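Trainee: Here is the input, now give the coordinates:
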Amino acid sequence: MPKPSVQFVCQNCGYESPKWMGRCPDCSEWATIVEEPVAPAPPAARPRTQPATAPEPLSSIDFTAEQRLSTGISELDRVLGGGLVPGSVVLIGGDPGIGKSTLLMQASGNLAGQGTGVLYVSGEESPRQIRMRSRRLGVDSDRVWVSPETNASALESLVETTGAGALVIDSIQTMSDPSSPSAPGTVSQVRAAAGQVAAVARSRGIPAFLVGHVTKDGSLAGPRVLEHMVDTVLYFEGDRDSAYRILRAVKNRFGATDEVGIFEMSGAGLVPVENPSAALLAERDEKEAGSVVCPVLEGTRPLLVEVQALAAPTHFPSPRRMASGVDFNRLLLVLAVLEKRAGLRLGQADVYANVTGGLRLSEPAADLALAIAVASSLKDRPVPAGAAVMGEIGLSGEVRGVAQAERRAREAARLGFTRLILSRRDARAVAPSAGVECVGVRTVAEAVRVALEGESR
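Mentor: Here you go, the predicted structure:
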């Protein structure tokens, strides 16, 4: 009897190896390589004498715009690019308890209310548990069918039996394909099960949601393999102890990437935040030093966020730096520029930076706001009320312009801000139509003087 062949697969990135290793050479994670049996190769098929489907010229293909299906949740529709596209597969990832199942149950209830039946397949919870959540969320419809099925090959018959127009899989890690010899939850099984779900969705022209677990570093488990098989990838972000949740699109074949939706967790589920700028600044104290408002772009939406910094004296030889919501290396760069170009003594101070509301800023437009927040805390001088700051900082201390400065300025004016500190280039371009006083600065030292000492240019 031939010995069954095996392979060793990394459960974090999908790397395959003929032997076991303690550390994956692809993603550098430890203890993630697991032995999996290899399915026997199928018998060689007879070579085709002609293509199964004849190719056709691109210009002759009939194109009609897809009619999108609204989920009834405005922020979710925004992130999806206007709604669900028939036959698309959407993957939602996030930490446990962040609200993935809650959001999908609310969307299922809204779709059922519009006449679209939903098949909700959950291998993690019993139907009784799902019913308890649906009652709390106010979802009570006979057009939402619940199944604890974990066999991916049975999905086709379930969809046909119920006549569902949408499919929810919670979660894809619990599904298994009997044709794959690997254990459920492994990379091979996740790949096979996702392929089955995608085939059902596209053959029947119905949208499908997949819930994906995340690894300890926040990426989707079984990942790049899974992300490449779907049309849209959404990430739920935010602190579980915070009321706000952020849904971010990182891949979208039918809409903009990096689009975000903001929700507030309540007893009745996730509530879309229609005016996120006002919500994020609702508890800001304008009289406190170290607080600066910065207009940022999240996808196509301008937002006003509060950037906070605390510079406190240290008694240790190596001062401490901590960052929450901003890149740690970007914080170190800003501190170095402040010390070298603006003459601030930060070598004897611990510096802590934070972005309120659970947002994570990655664009350099928040550099100047972060620098002024640090200077404000160090000098113990608050930024005057009604002032907002935006700009990128270069290593020579210059303040550079940012993308779509006019849209950011209009958002600041809409929220009642009367003064905007930004680069001179952007000030000249934005001032005629911004609706706020635009103060252009050339260097970070000049920006600190203008913001904290009341100088104007």
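Trainee: can you confirm Ala371 is in a strand?
Mentor: No: applying DSSP: H, G, I helix; E, B strand; the rest coil, one finds Ala371 to be helix, outside a strand.
Trainee: Can you give me every residue that contacts it?
Mentor: Under the criterion of C-beta atoms under 8 Å, 6 or more residues apart in numbering, the neighbours of Ala371 are Val334, Val337, Leu338, Ala342, Ile393, Val444, Ala447, Val448. Any C-beta I mention is one placed from the backbone N, CA and C, and that applies to glycine too.
Trainee: what about 6 Å?
Mentor: Val334, Leu338, Val444 (C-beta atoms under 6 Å, 6 or more residues apart in numbering).
Trainee: Now do it against Trp145, distance only.
Mentor: The spacing between Ala371 and Trp145, counted by C-beta to C-beta, to the nearest Å, is 55 Å.
Trainee: Assign a three-state SS to Leu378, would you?
Mentor: helix.
Trainee: Next one: it from Leu452, what distance?
Mentor: Leu378 is 10 Å from Leu452, by C-beta to C-beta.
Trainee: Comparing these two, which residue is more hemmed in?
Mentor: Legend: neighbour count by other C-beta atoms under 10 Å for Leu378 and Leu452, higher for Leu378 (23 against 19).
Trainee: Excluding covalently adjacent residues, which one is nearest to that one?
Mentor: Distance criterion C-beta to C-beta, 6 or more residues apart in numbering; nearest residue to Leu378, sequence neighbours excluded, is Ala311 at 4.1 Å.
Trainee: Does the one you found belong to a helix, a strand or coil?
Mentor: strand.
Trainee: Just the pLDDT for it.
Mentor: Confidence at Ala311, expressed as pLDDT, is 96.
Trainee: tally of neighbours for it?
Mentor: Look at Ala311: counted by other C-beta under 10 Å, it has 27 neighbours.
Trainee: quick thing: my sequence starts at 12, can you match it?
Mentor: Let's use 12 as the start, then, which means that last one is Ala322.
Trainee: so it makes contact with Gln359?
Mentor: No: with contact defined as C-beta atoms under 6 Å, Ala322 does not count as touching Gln359 (9.8 Å).
Trainee: Look up which residues are beta-bridged to Asn181.
Mentor: Wrong residue type there; residue 181 is Asp, not Asn. Beta-bridge pairing of Asp181 under DSSP bridges involves Ser133, Val222.
Trainee: Equivalent analysis for Phe247, please.
Mentor: Beta-bridge partners, per DSSP bridges, of Phe247: Leu258.
Trainee: out of the contacts of Ala382, which one sits closest to Tyr363?
Mentor: Val345 (13.2 Å; C-beta to C-beta).
Trainee: pretty sure the closest one is touching Ile383, no?
Mentor: No: the pair Val345 / Ile383 is not scored as a contact, 10.0 Å apart, by C-beta under 6 Å.
Trainee: Does anything pack onto the helix or strand hosting Leu344? Which helices or strands?
Mentor: If you go by DSSP states H and E, Leu344 is part of helix 339-352. Applying 3 or more C-beta pairs under 6 Å, 6 or more residues apart in numbering; DSSP states H and E, we find helix 339-352 packed against helix 378-390, helix 455-464.
Trainee: Strands along the stretch 362-468 of the chain, start to end?
Mentor: 398-400, 403-404, 410-411, 430-434, 448-452 (DSSP state E, counting those that start in this stretch).
Trainee: now those as CSV including mean pLDDT, distance to Ser112 and mean neighbour count?
Mentor: Below are the strands of the stretch 362-468 of the chain laid out as CSV (pLDDT from 0 to 100; distance: least, C-beta to C-beta, whole Å; neighbours: other C-beta atoms under 10 Å):
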stretch, mean pLDDT, distance to Ser112, mean neighbour count
strand 398-400, 96, 38, 25
strand 403-404, 97, 39, 21
strand 410-411, 96, 43, 22
strand 430-434, 95, 42, 26
strand 448-452, 94, 46, 21
